[in-house]
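*Asks:* Next comes the sequence, and after it the predicted model I'd like to discuss.
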Amino acid sequence: GELFSWGAGRSGKLGHGDEEMRPLPTAVRALEGRRIVRACAGDSHSLVFGANGTLYSFGLGEGGRLGHGSEERLLTPAPVTALLRAGAVCGMGVGSYHSIVLVRPWPGGNDATETARSNYLTSEAPEAKRAAVLSLHSAIDAMEPPDGAEPAGDADASEATLVYTFGDGAYGKLGHGDTADQLYPRLVRSLGEGVAEVAAGYQHSAVRTRRGGVLTAGIGWKGQLGTADLGAGREALGMAPDFYHAREFQPVGAEPSCSSRCAR
């Protein structure tokens, strides 16, 4: 359907090309004509994806949360080109400082947009860059999933899916085993291909597997990870508060492994 946004426009998170407040729902003209199937809003940035599985991001870019390889803010939606060959986005979560997306891989990859994407990434002159943007958008509009692939939408219980995270990496909330920021979407290899749903909080992330399990990563010293018993108190356990932060996804209800502990 058509995308509308309203409210505070700080950092361009409404996607209207400015930072003005919108008191009423207003169509996002940059995505006019594209069928948007899901939208997700964070504190200062927004993600949406279309029926062809293309992810768009806009708003504050600090920490790389928009996935475009820089920390620049975007006042209008732009396709996250790093995911164009990975597959169709079928789920997402937006935290205060980071993003997490669920991707359904295309069989054999998708080369439909690769030439336009390459030109977009390598163009430096303003005129060439503008032409590359138009070419990329045209390629995306014409993009069809490869033979045997399904259009974007909720992941079903039998298909392979991959999880990518990007943005601010503090407390390990991106799940890569470290606390580094990621300017581009990075595959969370430890999760494999069995995730059905993803979500992002203030400083932590959560996923649900096809088997019904839940795993979490990030800050957990208030108990939000569900991986430690806080009843005994930190002093009684003899552990620093950072024990409750996990930089890799851990199953809810389990004690965090030593390798998952991290400082900010």
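*Replies:* Received it, and whenever you're ready, just let me know what you need.

*Asks:* do you know how far residue 223 is from residue 245?
*Replies:* 12 Å (C-beta to C-beta, to the nearest Å). Every residue, glycine included, has its C-beta placed from N, CA and C.

*Asks:* what's next to stretch 30-44, contact-wise?
*Replies:* For stretch 30-44, the external contacting residues (C-beta atoms under 8 Å, 6 or more residues apart in numbering) are 1-3, 5, 10-11, 13, 15, 17, 46-51, 56, 59-60, 62, 65, 76-77, 91-96, 99, 141, 152-153, 200.

*Asks:* Make a ChimeraX selection of whichever of those residues turn out to be buried.
*Replies:* Applying 16 or more other C-beta atoms under 10 Å to those, the buried members can be selected in ChimeraX as follows:
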select :3,5,11,13,15,17,46,47,48,49,50,51,56,59,60,62,65,76,77,91,92,93,94,95,99,152,200
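
*Asks:* Now stretch 53-60: average pLDDT?
*Replies:* Here stretch 53-60 scores 96 as its mean pLDDT.

*Asks:* Output the lowest mean pLDDT helix or strand found in the protein.
*Replies:* Lowest mean confidence among the helices and strands of the chain (mean pLDDT, DSSP states H and E): helix 234-237, at a mean of 49.

*Asks:* Residue 223 and residue 245: who's more crowded?
*Replies:* Ranked by neighbour count (other C-beta atoms under 10 Å), residue 223 and residue 245 place residue 245 first, with 26 against 12.

*Asks:* Now do the phi/psi pair for that one.
*Replies:* Main-chain dihedrals, residue 245, degrees, to the nearest 10: phi -100, psi 140.

*Asks:* And residue 10, by the same measure?
*Replies:* Main-chain torsions, residue 10, degrees, to the nearest 10: phi -50, psi 130.
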